[in-house]
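Undergrad: what follows is a predicted protein model with its sequence.
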Amino acid sequence: MSATPPPGTQPHTQPPLSQPCSSTSSTSEIQASCDPEKGDVEKCDIESGIQRRGTDTSIFSRFTRAMTGLSSNSKSEDEDIGQQPEDIDYHPMGYPRLGAFINSDENFLMCRRYGLLHTRVMLYRQDELRELEEKLLGLDAEDEDENPRMLNSRVRDDRRENQERRKLILEIDEKLKEYDDCVLRARAMAQLPLTSDRNYKSVSSYVTNNGPLVCKESSTFTDRRQDFVALVDPKEGSWFDGAIEDLLTVMPSPLARLVFSDPAQRRSTRDGTVYLYSKLRIDYFARILIALLAVGLLMAPVVVLFLHEESGGIKIAIVLLFTLFFAGALSVFTKAKRHEVFAATAAYCAVLVVFLGNFQ
């Protein structure tokens, strides 16, 4: 609970006295009481001093409240929670609120692939075509023996009374459209990346803890882990961003929310178990850490080799150790391909070797 600074109070002033000034008063008191204009000036100075002290207190209080996560208008912000359609608490409990929760963060955008059902439908359509294929090959073999002229002219074959081959080919065409559509849809779903364990646990825990769905329907989110796919491709270093978010949960919640959450995310829900962080702010923070790591990997071996007069074997071991660190960091923190990792590591090692050669 934040305390607000007391409002500036006006000093109590007596109205001008009509009687003569008392001889027992001090000189300044006599001048102030006998000179109304000077008394007004001193009163203004007192009021301005009170206002300045109030302003200083207000600035300090705002800074203190900002560092502790408390705001002078926290009551109004709390009243604004769930007032916008983008907020989670704006929607009633059930599928509406679950949909708002999943939509609140791109990491939560996931769905079931239904890979088994796609495969079953594809197999069914495939066998339908196998059956039609056998019929067509049977007609071809029959005409080859009895009426081969029907095989070298489509027009002649279409003039047949029953038009059996034409009807069969048109049916095959319709089945092929259904089969191709099924295959392409299954292929598109299969290419979606599996959702990470961290993101899946976030959604499944929300469903389990808040109970927006009945038990039977909520089992979709708890019993089919390997069938869930992410709708957004994981960006470079997404695991590192996720590790930062996990680290933020063990920090004081008000401070973490103040720095890494925007006002809309803080306003979204009153649920104390839901932490929404700005992807942009997390990304900036991750970039700063990676930049510091890159500078450290470049400068640390140079400093070590420059300051210590070690033997040649130890210096080579230092170069090897930091080269391994560099290759590992490049592989972990970026999506560099194998040949790119190899080229960058070779260049890094060459720089260290040249520096080492200059100090031999």
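TA: That came through, no problem.
Undergrad: SS state for residue 87?
TA: Following DSSP: H, G, I helix; E, B strand; the rest coil, residue 87 is assigned to coil.
Undergrad: what ranges do the strands span in the protein?
TA: 110-112, 228-230 (DSSP state E).
Undergrad: okay, these in a markdown table with mean pLDDT and distance to residue 122 next?
TA: Yep, even glycine has a C-beta here, placed from its N, CA and C like the rest. Output for the strands of the chain, formatted as a markdown table (pLDDT from 0 to 100; distance: least, CB to CB, whole Å):
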| stretch | mean pLDDT | distance to residue 122 |
| --- | --- | --- |
| strand 110-112 | 94 | 17 |
| strand 228-230 | 94 | 17 |
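Undergrad: so of these, which one's packed in deepest?
TA: A comparison of those by mean neighbour count, using mean count of other CB atoms under 10 Å, puts strand 228-230 on top with a mean of 20.
Undergrad: which strands and helices lie in contact with that one?
TA: strand 110-112 (3 or more CB pairs under 8 Å, 6 or more residues apart in numbering; DSSP states H and E).
Undergrad: direction included, what does the strand it packs on pair up with?
TA: With DSSP bridges as the test, strand 110-112 is paired with strand 228-230 (antiparallel).
Undergrad: how deep is residue 240 tucked in, by neighbour count?
TA: The number of residues packed near residue 240 is 16, by other CB atoms under 10 Å.
Undergrad: could you find the closest non-adjacent residue to the most centrally placed residue in the chain?
TA: The centre of the chain sits closest to residue 279, judged by CA atoms, centre = their mean, with a distance of 4.2 Å. What sits nearest to residue 279 in space, not counting adjacent residues and going by CB to CB, 6 or more residues apart in numbering, is residue 106, at 7.1 Å.
Undergrad: ok, now which ones touch residue 126?
TA: For residue 126, the contact set (CB atoms under 8 Å, 6 or more residues apart in numbering) comprises residue 179.
Undergrad: next one, pLDDT for it please.
TA: Confidence at residue 126, expressed as pLDDT, is 97.
Undergrad: would TSV of the strands of the chain with distance to residue 272 be doable?
TA: Shown next, in TSV, are the strands of the chain (distance: least, CB to CB, whole Å):
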stretch	distance to residue 272
strand 110-112	23
strand 228-230	26
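Undergrad: for residue 217, which of those is the nearest?
TA: For those, distance to residue 217 was read as CB to CB. The smallest value, 12.4 Å, belongs to strand 110-112.
Undergrad: so what's the gap between that closest one and the chain middle?
TA: On the basis of CA atoms, centre = their mean, to the nearest Å, strand 110-112 sits 17 Å off its chain's mean C-alpha point.
Undergrad: contact partners of that strand?
TA: Residues contacting strand 110-112 (CB under 8 Å, 6+ apart): 102, 195, 199-200, 203, 220, 224, 227-231.
Undergrad: of those, buried ones?
TA: Taking 16 or more other CB atoms under 10 Å as the criterion, what is buried in those is 102, 195, 199-200, 203, 227-230.
Undergrad: show me what contacts the nearest residue to residue 230 once chain neighbours are set aside?
TA: Excluding the flanking residues, the one nearest residue 230 by CB to CB, 6+ apart is residue 195, at 4.3 Å. Counting by CB under 8 Å, 6+ apart, residue 195 touches 110, 228-230.
Undergrad: the residues you listed: which two are farthest apart?
TA: Across these, the longest distance by CB to CB is 7.9 Å; it joins 228 and 230.
Undergrad: residues shared between the contacts of the two?
TA: With CB under 8 Å, 6+ apart as the test, residue 228 and residue 230 both reach 110, 194-195.
Undergrad: so for the closest residue to residue 98 other than its chain neighbours, what's the pLDDT?
TA: Nearest non-adjacent residue to residue 98, counting by CB to CB, 6+ apart: residue 212, 4.5 Å away. Turning to residue 212, the model gives it a pLDDT of 86.
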